[in-house]
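Participant: Could you look at this predicted model? Sequence included:
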Amino acid sequence: MSAQDDLRQDVRVWAEARRLDRAHIDRWLALDAASAAALLRAASTLRLRAGQAQAALEMLEEIALREGVDAASVLARAPFKRILEGAGSAPARARAFVEQLKAVRFPRLGQALERLKAQVAALKLPRTVILALPTDLGSDELRIEIRVRSGEELRGAMRALESRIDGIERILDLIGGAL
Amino acid sequence: MNFDLDEIVIEEQCRPSPLAARVTAACAGVPVRFTADARHDIRPDPNAADPFGAGKRRMVVMNRRTPFLMACPAGSSEFACCGYLVMVLASNCPMDCSYCFLQDYVADNPAFQVYANYADAIDELERARRRVPGRALRVGTGELADSLAFDRITAISRDLVAYCASREGILLELKTKTDEIDNLLAVDPGGRTLVSWSLSPERVFASSEKATASPVERLRAARCVLDAGYRVGFHLDPIIAYGDAERDYLELLDQLFDFVSPSKISFISLGGLRMTPKLRSAARRRHAHDPMLCGEEVLAADGRYRTFTPLRVSLFGALERRIHAAGPAILRYLCMEPASIHRRVLGHPPAAPAAMGAALARH
């Protein structure tokens, strides 16, 4: 068997053991050899679950296509190397790996979310009030949750909101495109 | 423009039609087959590697069995609506844009259909016009097909433009990504036909809009029809938010205003890239190497993948400001966006659908 055949076999064994679906195994095998091997190393080192491997494969394909590079060169970048070679539990590093891929796949979304989360944190709202940003900033709607167990808590929550209306409006503007 | 056809299928009852005669005369060398009922021939070819793509190369001349006029499929209570009435004279398109909604919408009947009984469409329109006297109707043929892609062969635009030229209250919109305007230049539109072009920056054109006319060719064609008495409008749709998108779309607007004075533009619509999960899968399967399909789209509240809201709205805002600066009187609207986004970008709620049609008819 050639090295290429060995690699294909290793990918199949790893993927089938984790019940990765056929379509994703085929996509993995369709990567160039260096990229397929790099993903296999990452998947084995971090003990990715099937869902994580699937998400990683999809994001790697998309990053590679958008940037005109191969997946192996994406995984060779410093942030991924740090995760792959770093300390910590495999599940924690696996989560960090997928998060890092998401940060590369959605760079401007990541920045926007960071900025918005910082604005929400700066409001220093009491625990009774939660400002929930729209999932993945997929809409311009801000959800405000108030959880109280007494009239006193309710009045406190309302006062907190009232005194921060300008800041909340600013967050709404940011969600609505004033980035 | 020349598009490849593998085959022409003509329904027997359409054999004597002027359309069948025009098509066979213009496509010498393309195999022609006659069939009693073409409805089977519009289905996907199960043996084709890309049934949708194969459908584009099989032209079927047939009679339409259902009404020609329908509400725009983009219309929904979720979105602000521009009051567009669709006249279906053909289905599918010989061009192949990677983001095109037809990849899902006509996946079950992908053959390129043209309807020989299109005179019935004109009768339908006449009846619709009489039902609502005094109301302006904005009617377009470019929703399920490009209005002009095969006009060199079918010449349907001549009949349609000539009919609308003498009908008060009708605004015909021919929507295209081609520069097929020869037939238009031979007819006097009487101010009642508007030709609209979908425009994209060079980068999107090169990456995603196969077999279309280039942006400059579209703009040149727009200038020509304007000089010939047509009105013109432009759709910046879909706007794709790639890295340098804002710069490129603003340059595109500058280029547009160089070709066509803002005072001569009837409208500019803006629409973001939007894809249902099913369309996204089909598009990525068929255009696996188009990086424009790998932008920062997220699943939005309406179940479609869209560029995440702040980025999309900020791009709309930049374009709106440039358009407003160039021509404050140009009618603008957003396609398939909720009223809240309309307010954020344009500063006012969307007009009612009928009002939009009337405004365009008057403008």
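Facilitator: Yep, that arrived.
Participant: Need the nearest residue in space to the residue of chain A found nearest chain B, chain neighbours excluded.
Facilitator: Per CB to the nearest CB, A:Gly177 is where chain A lies closest to chain B, at 2.9 Å. Where you see a C-beta, it was placed from the backbone N, CA and C, and this is true even at glycine. Of all residues not flanking A:Gly177 in the chain, B:Val313 sits nearest, at 2.9 Å (CB to CB, 6 or more residues apart in numbering or on different chains).
Participant: Just give the number of residues close to the one you found.
Facilitator: The number of residues packed near B:Val313 is 25, by other CB atoms under 10 Å in any protein chain shown.
Participant: Past the host helix or strand of it, which element shows up next along the chain?
Facilitator: Element membership of B:Val313, judged by DSSP states H and E, is helix B:309-326. Following helix B:309-326 in sequence order, the next helix or strand is strand B:331-334 (DSSP H and E).
Participant: Name the surrounding residues that touch that following strand.
Facilitator: Among residues not part of strand B:331-334, those counted as contacts by CB atoms under 8 Å, 6 or more residues apart in numbering or on different chains are B:80, B:82, B:266-271, B:316, B:320, B:323-324, B:341-342, B:345-346, B:350-351, B:356, B:359-360, B:363.
Participant: partners of that strand, with directions?
Facilitator: Strands adjacent to strand B:331-334 in the sheet, as given by DSSP bridges, are strand B:265-272 (parallel).
Participant: ok now the partner strand, how far from the chain's centre?
Facilitator: Here strand B:265-272 is found 12 Å from its chain centre; the criterion is CA atoms, centre = their mean, to the nearest Å.
Participant: hang on, the earlier thing: the helix holding B:Val313: which residues count as buried?
Facilitator: Neighbour-count burial for helix B:309-326, counted by 16 or more other CB atoms under 10 Å in any protein chain shown, picks out B:309-320, B:322-323, B:326.
Participant: quick revisit: contact partners for the residue of chain A closest to chain B?
Facilitator: A:140, B:309-314, B:316-317, B:344-345.
Participant: quick check, nearest of those residues to A:Ala78?
Facilitator: Relative to A:Ala78, the closest of those is B:Leu311; by CB to CB it sits at 26.2 Å.
Participant: Give me the distance between that closest one and B:Leu334.
Facilitator: B:Leu311 sits at a distance of 15 Å from B:Leu334 (criterion: CB to CB, to the nearest Å).
Participant: In chain A, where is pLDDT below threshold?
Facilitator: Applying pLDDT under 70 to chain A flags the ranges A:1, A:179.
Participant: all strands of it, in order?
Facilitator: Per DSSP state E, chain A carries strands over the ranges A:129-132, A:143-146.
Participant: out of those, deepest packed?
Facilitator: strand A:129-132 (a mean of 16; mean count of other CB atoms under 10 Å in any protein chain shown).
Participant: Who are the packing partners of the host helix or strand of B:Tyr249?
Facilitator: For B:Tyr249, the host element (DSSP H and E) is helix B:245-259. Helix B:245-259 is packed against helix B:202-208, helix B:215-227, strand B:231-239, helix B:309-326, with contacts defined by 3 or more CB pairs under 8 Å, 6 or more residues apart in numbering or on different chains; DSSP states H and E.
Participant: The shortest one: what's the following helix or strand?
Facilitator: Using DSSP H and E, the helix or strand that follows helix B:202-208 in sequence is strand B:209-210.
Participant: Tell me where the chain has helices.
Facilitator: Looking at chain A here, since you left the chain open. A:3-17, A:22-30, A:33-46, A:50-67, A:71-75, A:78-85, A:90-105, A:107-122, A:151-163, A:165-175 (DSSP state H).
Participant: Not quite, go with chain B.
Facilitator: Using DSSP H, helices in chain B cover B:18-26, B:51-56, B:102-105, B:119-131, B:151-154, B:156-165, B:182-185, B:202-208, B:215-227, B:245-259, B:277-286, B:309-326, B:339-346, B:353-362.
Participant: now the last one: mean pLDDT?
Facilitator: What helix B:353-362 shows for mean pLDDT is 70.
Participant: And the third one, by the same measure?
Facilitator: pLDDT averaged over helix B:102-105 equals 97, rounded to a whole number.
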